[in-house]
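Colleague: give me coordinates for this.
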Amino acid sequence: MMRAPVKEGEMTRVIYHHIMEQRYEDAVRILNQELQSFPTSRCALSLLGYCYYHMQDFVSASQTYDQLCRACDVDDYKIYHVQSLMKAGLYEEASQACTTVENPEYTERVMLLQAAIAYEQGEVQLARSILDQCSPEAEEKQVFDGALYWKEKRYADAMKQFTDAMNTAGYHPDLAYDIGLCYYSMKQYGPALKHIAEIIERGVRDHPELSVGAMAEGGDIGLQARSVGNTGALKETALIEAFNLKAAIEYMMKNHEAAKDALTDMPPRNESELDAVTLHNLALTGMDDKPTEGFRKLNFLLHQTPSPPETFVNLLLLYCKYNYYDLAADILAENADLTYKHLHPQDYEFLDTLILSQSSPEDAYRRFDELSTKHIEALRRGTKNIQDARRQRDQDAVKKHLNEFDETLAKYIPVLMGQAKIYWDMDHYSMVEKIFRQSAEFCSEDESWKLNVAHIFFMQEKYKECIRYYKPFVQKHSDNLLGITAIILANLCVAYVMTTANEDAEDLMRLVEKEEEEKVTDPTKPIYHFCIINLVIGTLYCAKGNFEFGISRVIKSLEPYDRKIGIDTWYYAKRCFLALGEMLGKNMILLKDEAFDDIINFFDAAAQVGRNIPTSISPLESEGDSKKTVAHEARLLKKFFLKIRD
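Modeller: Numbers count the residues shown, from 1 in each chain. Here you go, the predicted structure:
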């Protein structure tokens, strides 16, 4: 749409009005038009650089300030040029630009910028040596000291610096966030959430125009909240940082829905306006619901400079989780610099071995065994240190060694799982059981270890033994059954059925159904727990040869179809239909006409609701591929069963 030109004599007033109202895009449009007529206008270039900087288009800002620096020798422009380059992630260029500022009045400021550049590049010692040359009275020095302590993982020292700075300067949301971040880094989530709550409360009270919570309210009635943009007020409130930290805490505490809610509650912005940390967290929390979109976001971030350091590691882990080992190997090979920068050698060795297990299981098992030996030795040393500290009644040492033991155990468990998975994929469950028994000395109290032992017993049809492990876990989380992975509840129900404890199975299913009805307030939000329990029971009957009852249970489990048919539920349901089709094709069973009618009607319904539901997760394909949808597969299955029937 064409915009009316600015009236003659009104240019300055209109531009400054746009800047005052933080409508930087409008100001940039007018300034660029003005520069077509006067390409060397210092005033226009200065305002344009300012607007680009506040729009967070730091590359354009750096180019504009570079043009200004070439046109006139003004030290302020040189400083702004350095800041823009640093924000754009162009650290080498920023360092070179620092050398152009020769005015002694700017020495302190230049040194702080050089320290910041070193900090962003992870060169902590260099940053500290530069900072030590600054005056102790420098306004930013205390906060910078805190940031360096945090980078060195000296979180208590960092928090002291931030707290002292807040006591001196008064309450500032960014300092409150820094203190909350220190608590988070020390895994003291309660105090961290307290600081976050205060930031959010002040932001909501002082800046109602930022529309905190508008995305959540608009989502309930199907409306899209209007973007508030990346304004100066938003930056000053530290609301985005606070909501991201809250989401991280909830995610670490395994409250994934609360983590999503925290991201939804932040002031609304368009996707193009999102900062890298928010985009990363949205990708991570949305992987279960929209994995293809999550992979797209993480891949986009990986190729941005700078990007959150967690992006590389999380993308690697998610590729491995979804069995895209080739893609994991590719990004390891393509990003050798990030491997050395962000991956601990032991973590790299684990991931490299996990990828190797797909092509050479024997070599991978041997390497996993070597890693296990190292971890077990560290765990034995840790146990001895804890015992020695307890004997000496040194509580601080006990606490320290217990934390070290927990960290080592957390590193060992994935290695153990990777080793066991090699035999699991071969269906060699007795060997998997043997591996887990050997690790019981250190892992017997770990929940993930117990659950995997239960899975092993279940796969070996040792139902009484698996109940012994599943039941305490389910009872422990009985107040939040929907927080338990659905397959655990399903396996426990099957184990109850197979040990003739049908009443226990029915009681558990009633509790799950009741909790779904009570806790799910959004009728459009899919909850699969009760569905998956019935789906697994139906699959069990199909596996035992009772296809008529099993298939009817599978179909019933997916009602209502628009809420229960998803990627995973469809995958397991169609396996039952394919198994039935194979038996019918071989004339090994007969099926009543009523059962055929139910199956055909189900495929018709699935074709209706499954038009936009993908049948596989792929980071390389778009979600709109019509040949990879539930609807397409349902029509193929319907055609197959109609042929069988005729």
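
Colleague: only C-alpha atoms from now on, for both contacts and neighbour counts.
Modeller: Fine.

Colleague: any idea how far stretch 537-554 is from the middle of the chain?
Modeller: On the basis of C-alpha atoms, centre = their mean, to the nearest Å, stretch 537-554 sits 37 Å off its chain's mean C-alpha point.

Colleague: hmm, who's touching that stretch?
Modeller: Residues outside stretch 537-554 that contact it (C-alpha atoms under 8 Å, 6 or more residues apart in numbering) are 490, 493-494, 534-535, 573, 576-577, 580, 591, 595.

Colleague: please apply the same query to stretch 329-342.
Modeller: In contact with stretch 329-342 (C-alpha under 8 Å, 6+ apart) are residues 309-310, 312-313, 316, 348, 352, 355.

Colleague: then stretch 173-192?
Modeller: Stretch 173-192 is contacted by residues 150, 155-156, 158-159, 162-163, 165-166, 193-196, 199, 236-238, 241-242, 245, 249 when judged by C-alpha under 8 Å, 6+ apart.

Colleague: now these: which count as buried?
Modeller: Neighbour counting over the contacts of stretch 173-192 (16 or more other C-alpha atoms under 10 Å) leaves 150, 155-156, 158-159, 162-163, 165-166, 193, 195-196, 199, 237-238, 241-242, 245, 249 as the buried ones.

Colleague: out of the contacts of stretch 173-192, list just those in helices.
Modeller: Those of the contacts of stretch 173-192 mapping onto helices are 150, 155-156, 158-159, 162-163, 165-166, 193-196, 199, 236-237, 241-242, 245, 249, per DSSP state H.

Colleague: that older thread, quick check: ChimeraX command selecting the buried ones in the contacts of stretch 329-342.
Modeller: Only the buried entries of those go into this ChimeraX selection, using 16+ other C-alpha under 10 Å:
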select :312,313,316,348,352,355
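
Colleague: out of the contacts of stretch 329-342, which sit inside strands?
Modeller: Judged by DSSP state E, strands contain none of the contacts of stretch 329-342.

Colleague: name the SS class of the residue nearest the centre of the chain, please.
Modeller: Centroid check for the chain by C-alpha atoms, centre = their mean gives Leu284 as the closest residue, at 2.0 Å. Look at Leu284: counting by DSSP: H, G, I helix; E, B strand; the rest coil, its state is helix.

Colleague: hang on, it packs against Glu293?
Modeller: No - shown here, Leu284 and Glu293 do not form a contact pair, counting by C-alpha atoms under 8 Å, at 10.1 Å.

Colleague: lowest mean pLDDT among the helices and strands, pick that one out for this protein.
Modeller: The helix or strand of the chain with the poorest confidence is helix 214-220; it has a mean of 59 (mean pLDDT, DSSP states H and E).

Colleague: point out where the stretch 201-350 of the chain drops to low pLDDT.
Modeller: Within the stretch 201-350 of the chain, the ranges that satisfy pLDDT under 70 run 216-224.

Colleague: helices of that one, start to end?
Modeller: Assigned helices in the stretch 201-350 of the chain, in chain order: 214-220, 232-237, 239-252, 256-265, 276-285, 291-302, 310-321, 325-334, 336-342, 345-356 (criterion: DSSP state H, counting those that start in this stretch).

Colleague: returning to what we had before: grab the nearest non-local neighbour of the residue nearest to the centre of the chain.
Modeller: If the residues on either side of it in the chain are set aside, Leu284 comes closest to Gly294, at 6.6 Å by C-alpha to C-alpha, 6 or more residues apart in numbering.

Colleague: count the neighbours of the one you found for me.
Modeller: Neighbours of Gly294 under the rule other C-alpha atoms under 10 Å: 24.

Colleague: for it, give its distance to Val453.
Modeller: For Gly294, the distance to Val453 equals 31 Å [C-alpha to C-alpha, to the nearest Å].

Colleague: same deal with Ala486?
Modeller: From Ala486 across to Val453, the span is 17 Å (C-alpha to C-alpha).

Colleague: again, but for Leu580
Modeller: 31 Å.

Colleague: who's more crowded, these two?
Modeller: Remark: of Leu580 and Val453, Leu580 carries more neighbours, 23 against 20, as counted by other C-alpha under 10 Å.

Colleague: where does that one sit: helix, strand or coil?
Modeller: Secondary structure, three-state DSSP: Leu580 is helix.

Colleague: list the contacts of it.
Modeller: 542, 547.

Colleague: all numbers from here: first residue = 52
Modeller: Shifting the count to begin at 52 puts that one at Leu631.

Colleague: quick one: neighbours of Arg253, just the number.
Modeller: The burial count for Arg253: 14, using other C-alpha under 10 Å.

Colleague: identify the residue nearest it in space, chain neighbours excluded?
Modeller: Nearest residue to Arg253, sequence neighbours excluded (C-alpha to C-alpha, 6+ apart): Thr288, at 8.0 Å.

Colleague: show the contacting residues for that neighbour.
Modeller: 224-225, 250, 253-254.

Colleague: separation between it and Met106?
Modeller: From Thr288 across to Met106, the span is 17 Å (C-alpha to C-alpha).

Colleague: any chance of the helices of the stretch 252-401 of the chain in TSV, plus distance to His69?
Modeller: Shown next, in TSV, are the helices of the stretch 252-401 of the chain (distance: least, C-alpha to C-alpha, whole Å):
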stretch	distance to His69
helix 265-271	25
helix 283-288	14
helix 290-303	24
helix 307-316	28
helix 327-336	27
helix 342-353	31
helix 361-372	36
helix 376-385	44
helix 387-393	41
helix 396-407	50
